[in-house]
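**Q** Pasting a predicted model and its sequence here:
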Amino acid sequence: SFNDIVAVNALYRPGPMAHIPTYIKRKHQLEPVTYLHPDLEPILKPTYGLLVYQEQIMQILNQVAGYSYGEADLIRRAISKKQESVMKEQEAQFITRCVSRGYDERIARELFEWIVTFSNYGFNRSHAVAYSKIAYQLAYLKAHYPAHFFAELLTSIRGQFDKVSAYIKEATSMGLQVLPPSINKSFGAYTVEHNQLRMGLLSIKGIGFQTVKEILRARGEQPFTDLFDFCLRVSLKIVNRAAIEQLILAGAFDETYSNRASLLASLDQAMEQGELFGGPNVQQSILPQVGMKELYTEIEDFSMMRKLSFEKEILGIYMSSHPLKDVRKLLQLNGYVSLEEAKISFRHRRQTIKTAVILQSIKMIRTKRGEPMAFVSIGDETDDMDAVVFPVLYREKRVFFQEEQMVFLTGQLDWRHEQLQMTIQNIDPLNPSQ
């Protein structure tokens, strides 16, 4: 029921979390619901005899001790501040009022102690209801309109790459495909395109609102045909060289020409032509349509690893096909697990695994003895993980610990600092082409 969502919002916090098992058992009639006094049942019955909300404290103070609701709220606040002199004064008053209304002094003392304990973590029910209504609405949208839900969610966390990666992973687990940024199909925000997610141009690091606004103005109803056409039609004072470079490295021009290194090498020429012949008022490209590709400076494209490195830096995720994806079946046949599989199978006890990953970042430090060791961020096409390599192995195989390198790892998984971490025990280079 909706009340269960409200209770979860109030209980799932430091302090009241300790009462979640009791709440669940009582809800499912696995243990009896008890009350300190029968008069508390009307107040605590909805929460199975447990104090969950601040309003319940006020009800108890009102109905058991005879305080007005205004007085009850002031007392609740005073108790939560834990001022000893105030606490003693309020306890004496509370017990006196309860006894005068026919309650046993022992019950009154126990009830006051209960209220004091609860005041450490009590949550406002009205707030919990508001949060729960939003949670219910969002859950409905996620269940029935997942593409639109994730489009808005991903747009709202622009620049927060850790969250972007996690949310995209969840979106893909629900069958949604995330399409790369495009100079012809993307808008500023994430959009829904044929029930898939199209990444927005504002998701690209270094691309701001004015840049996107100018690109959309120049694009109008006529798609850009290539980099040269783009530089002719946009204002290069607004969409400057740095912005175009980011667009290229993010893959936004791939649909017009897939060689990103060649696009970068041709940028000077394209911008020179744009400055000479183009501008906001140009109606169409004056360049000949025949032999357009000859205008590009032809050089070897970036390696897949290099492309992925740029994408991770600029977009926060690997957008192109991950190199480990193509060899995953072969890796599985040889006993290498993905990071996602490792996390799923972990049972909160140390276990040793073999895996193949990309070394995403490496931070070398020195121990108290002055020996080098490193903290490493590793990742594959399924997930990321933090790892540590201690001095002996780091000294012996330091040559293999290079960022952006694909490697075989043997390591021990353990739960540290509230997350899964690997202690690397061995490392060997991995060449997907072999």
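**A** Looks like it arrived, so ask away. Computed from a prediction, not measured in an experiment: that's the story for all the values here.
**Q** Tell me how many other residues crowd the nearest residue to residue 154 once chain neighbours are set aside.
**A** Among residues not flanking residue 154 along the chain, residue 190 sits closest, at 4.7 Å (CB to CB, 6 or more residues apart in numbering). Where you see a C-beta, it was placed from the backbone N, CA and C, and this is true even at glycine. Using other CB atoms under 10 Å, residue 190 has 27 other residues around it.
**Q** Then residue 142?
**A** Neighbour count of residue 142, defined by other CB under 10 Å: 16.
**Q** surely it meets residue 152?
**A** No: using CB atoms under 8 Å, residue 142 makes no contact with residue 152, being 10.4 Å away.
**Q** gap between whichever strand or helix holds residue 163 and the chain center?
**A** Using DSSP states H and E, the element containing residue 163 is helix 161-173. Centroid displacement of helix 161-173 relative to its chain, using CA atoms, centre = their mean, to the nearest Å, is 6 Å.
**Q** Please enumerate the strands of the chain.
**A** Secondary structure of the chain (DSSP state E): strands located at 178-179, 191-193, 196-198, 351-366, 372-379, 384-389, 406-416, 419-429.
**Q** pull the helix or strand with minimum mean pLDDT from this structure.
**A** Across the helices and strands of the chain, mean confidence by mean pLDDT, DSSP states H and E is lowest for helix 69-80: a mean of 82.
**Q** How about residues contacting that one?
**A** 54, 57-59, 61-62, 67, 86-87, 90, 94, 115-116, 119-120, 122 (CB atoms under 8 Å, 6 or more residues apart in numbering).
**Q** one more time with 6 Å, if that's ok
**A** 57, 58, 61, 62, 86, 90, 116, 119 (CB atoms under 6 Å, 6 or more residues apart in numbering).
**Q** residue contacts, the first one?
**A** Spelled out, it's residue 57. So residue 57 contacts 76, 115 (CB under 6 Å, 6+ apart).
**Q** Same question for the one 4 residues further on.
**A** Each residue near residue 61 by CB under 6 Å, 6+ apart is listed here: 67, 72.
**Q** now do residue 397
**A** For residue 397, the contacting residues are residue 427, by CB under 6 Å, 6+ apart.
**Q** one more time with 10 Å
**A** By CB atoms under 10 Å, 6 or more residues apart in numbering, the residues touching residue 397 are 389, 407, 424, 426, 427, 428, 429.
**Q** Give me the buried subset of those residues.
**A** Buried by 16 or more other CB atoms under 10 Å: 389, 407, 424, 427, out of these.
**Q** Compute the distance between the last one and residue 376, please.
**A** Read it as residue 427. 10 Å (CB to CB, to the nearest Å).
**Q** now do residue 215
**A** Applying CB to CB, the value for residue 215 to residue 376 is 38 Å.
**Q** do the same with residue 343
**A** 17 Å.
**Q** Which one's more surrounded, the two?
**A** The residue with more neighbours, out of residue 343 and residue 376, is residue 376; 24 against 15, by other CB under 10 Å.
**Q** thinking that one is in contact with residue 357, fair?
**A** Yes: using CB atoms under 10 Å, residue 376 is in contact with residue 357, at 9.2 Å.
**Q** Give me the neighbour count for the residue nearest to residue 203 when sequence neighbours are not counted.
**A** Nearest residue to residue 203 in three dimensions, chain neighbours excluded: residue 158, at 5.9 Å (CB to CB, 6+ apart). Neighbours of residue 158 under the rule other CB under 10 Å: 19.
**Q** pLDDT below threshold where in the stretch 301-434 of the chain?
**A** 348, 432-434 (pLDDT under 70).
**Q** neighbours around the residue lying closest to residue 306 once chain neighbours are set aside, how many?
**A** Of all residues not flanking residue 306 in the chain, residue 404 sits nearest, at 7.8 Å (CB to CB, 6+ apart). For residue 404, the count of nearby residues is 15 (other CB under 10 Å).
**Q** Distance of the residue nearest to residue 154 relative to residue 151?
**A** 4 Å.
**Q** Touching both of these two, which residues are there?
**A** Joint contacts of residue 190 and residue 151 (CB under 10 Å, 6+ apart) are 171, 197, 198, 199, 200.
**Q** Pick out the residue nearest the middle of this structure.
**A** Centrality entry for the chain: nearest residue to the mean C-alpha point is residue 163, 2.3 Å, by CA atoms, centre = their mean.
**Q** I'd say that residue and residue 153 touch.
**A** Yes: counting by CB under 10 Å, residue 163 does reach residue 153; the two are 9.1 Å apart.
**Q** how close does residue 204 sit to residue 247?
**A** 7 Å.
**Q** Now do the shared contacts for these two.
**A** Here residue 204 and residue 247 have 181, 186, 211, 314 as joint contacts, going by CB under 10 Å, 6+ apart.
**Q** Next, check those against the helices and list the overlap.
**A** Residues of the shared contacts of residue 204 and residue 247 located in helices (DSSP state H): 211, 314.
**Q** could the shared contacts of residue 204 and residue 247 be laid out in TSV, adding neighbour count and distance to residue 277?
**A** Listed next are these as TSV, based on neighbours: other CB atoms under 10 Å; distance: CB to CB, whole Å:
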residue	neighbour count	distance to residue 277
181	25	27
186	27	26
211	24	21
314	23	29
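**Q** Can you get me a residue count around residue 231?
**A** Neighbour count of residue 231, defined by other CB under 10 Å: 25.
**Q** Number the residues from 871 up from this point.
**A** Noted, 871 is the first residue going forward, which turns the last one into residue 1101.
**Q** dump the residue contacts of the nearest residue to it once chain neighbours are set aside.
**A** Nearest non-adjacent residue to residue 1101, counting by CB to CB, 6+ apart: residue 1144, 3.3 Å away. Taking CB under 10 Å, 6+ apart, we find residue 1144 in contact with 1097-1106, 1109, 1114, 1152.
**Q** gap between residue 1144 and residue 1076?
**A** From residue 1144 to residue 1076 the distance is 19 Å (CB to CB).
**Q** what does residue 1084 give?
**A** In terms of CB to CB, residue 1084 sits 15 Å off from residue 1076.
**Q** More neighbours: which of the two?
**A** Neighbour comparison, residue 1084 and residue 1076: the larger count goes to residue 1084, with 19 against 13 (by other CB under 10 Å).
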